[in-house]
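>>> missing the sequence, but the structure's below:
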């Protein structure tokens, strides 16, 4: 009887475990194979034209973020990058996506249309990057810049989807950018470096009043850096290999931008201080010189006159001897020759005492 009781107990336990396993199997969502997930990711990447932001990319972005809150010396500078200059051409071309290659504004516009980037209102004179100044893509970007789009209703969603033709994206008309950067000295690491803070694309429109420049929005650079760090660009007409990214172009400061403003108490631009073109150019050069001088004053500069290498010291000593010898020989040649001693006059012979 005891053995029969044990057998019935074991069978009931097995039946209970089977029912629980079937219930968990029914509650779990349908799993897809890794191949299916990979195919879906490739489809998304193909549709957007930009790589998906992974956890590793987010972690890399946080580690590359330069903290300047504890810096003892900071100077905020605003520059204007002209896309028509040859040095800035890699950020402007191609004006239309070509062979999976996009310029800077095409990448920004694509991310904005997908809702991956928050952008902030452009205010004349100052920038505020908070929730109150986040602008709407449809209202403040498309309608303000007169970019044509279509609204297509989507089943199950209240708001329609925006459909924008690629030819209507004004990537060719964004011919300039405002760049806000901070030159700082980190006393903890003894590092003098530059941090790019934000970008502002400037749209050039042509109308009855001629060409007009329209700053669109402010975009914090740290928000877009994870995406443009994977966007390869061609930087030379001789070497067509795409060895640099857009992030490299900003981080290595390969662009050419003129200073238009420095952060000051009166919040004025350089043009307001120096209305004349010549004086404005001199002011810009003076600011660049001040930054270079400050960087050189932070570190000890070796004396170029002192030679620590023994071989170089011997060579310098031999060169000094040769120079001294050549100098002395030239001095001797230049000196006048001494007159020969005068000959004694002939006199009558004198008899010696011994002979006498």
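Here it is on my side, so go on. Bear in mind that the values here come from a model prediction, so they are computed numbers and not experimental data. Residues are numbered from 1 along each chain as shown.
>>> show me where pLDDT drops low in the stretch 51-200 of the chain?
51-65 (pLDDT under 70).
>>> that one: strands as residue ranges?
73-82, 150-152, 161-163, 174-186, 191-207 (DSSP state E, counting those that start in this stretch).
>>> highest mean neighbour count out of those strands?
For the strands of the stretch 51-200 of the chain, average neighbour numbers computed from mean count of other C-beta atoms under 10 Å are highest in strand 174-186, which has a mean of 20. Glycine gets a C-beta too; all of them are placed from N, C-alpha and C.
>>> who does that strand pair with, and is each partner parallel or antiparallel?
When pairing is defined by DSSP bridges, strand 174-186 lines up against strand 73-82 (antiparallel), strand 191-207 (antiparallel).
>>> and those as CSV, adding distance to residue 161?
Formatted as CSV, those follow (distance: least, C-beta to C-beta, whole Å):
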stretch, distance to residue 161
strand 73-82, 33
strand 191-207, 24
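>>> ok so, going back, between the strands of the stretch 51-200 of the chain, which one is closest to residue 98.
Closest to residue 98 of these, according to C-beta to C-beta: strand 174-186, at 16.8 Å.
>>> do you know which of the strands of the stretch 51-200 of the chain lies nearest residue 142?
strand 161-163 (7.5 Å).
>>> any stretches of the stretch 201-350 of the chain with poor pLDDT?
Within the stretch 201-350 of the chain, the ranges that satisfy pLDDT under 70 run 301-310, 313, 323-350.
>>> cutoff 80 now
Low-confidence segments of the stretch 201-350 of the chain (pLDDT under 80): 207-209, 299-350.
>>> for residue 127, give me its contacts.
By C-beta atoms under 8 Å, 6 or more residues apart in numbering, the residues touching residue 127 are 120, 180, 198, 218.
>>> does the first one really touch residue 132, like I thought?
Put plainly, it is residue 120. No: using C-beta atoms under 8 Å, residue 120 is not in contact with residue 132; the gap is 9.4 Å.
>>> between these two, who's got more neighbours?
Ranked by neighbour count (other C-beta atoms under 10 Å), residue 120 and residue 132 place residue 120 first, with 20 against 7.
>>> hang on, the earlier thing: mind putting the strands of the stretch 51-200 of the chain in JSON lines, distance to residue 322 included?
Formatted as JSON lines, the strands of the stretch 51-200 of the chain follow (distance: least, C-beta to C-beta, whole Å):
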{"stretch": "strand 73-82", "distance to residue 322": "49"}
{"stretch": "strand 150-152", "distance to residue 322": "84"}
{"stretch": "strand 161-163", "distance to residue 322": "81"}
{"stretch": "strand 174-186", "distance to residue 322": "47"}
{"stretch": "strand 191-207", "distance to residue 322": "43"}
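>>> in this structure residue 220 contacts residue 129, no?
Yes: between residue 220 and residue 129 there is a contact at 5.8 Å, judged by C-beta under 8 Å.
>>> joint contacts of those two?
Shared contacts of residue 220 and residue 129, defined by C-beta under 8 Å, 6+ apart, comprise 120, 198.
>>> what count of nearby residues applies to residue 232?
15.
>>> beta partners for it?
Counting by DSSP bridges, the residues bridging with residue 232 are residue 245.
>>> does it touch residue 244 like I think?
Yes: using C-beta under 8 Å, residue 232 makes contact with residue 244 at a distance of 7.2 Å.
>>> please enumerate the helices of the stretch 201-350 of the chain.
221-228, 246-251, 270-273, 277-298, 310-334 (DSSP state H, counting those that start in this stretch).
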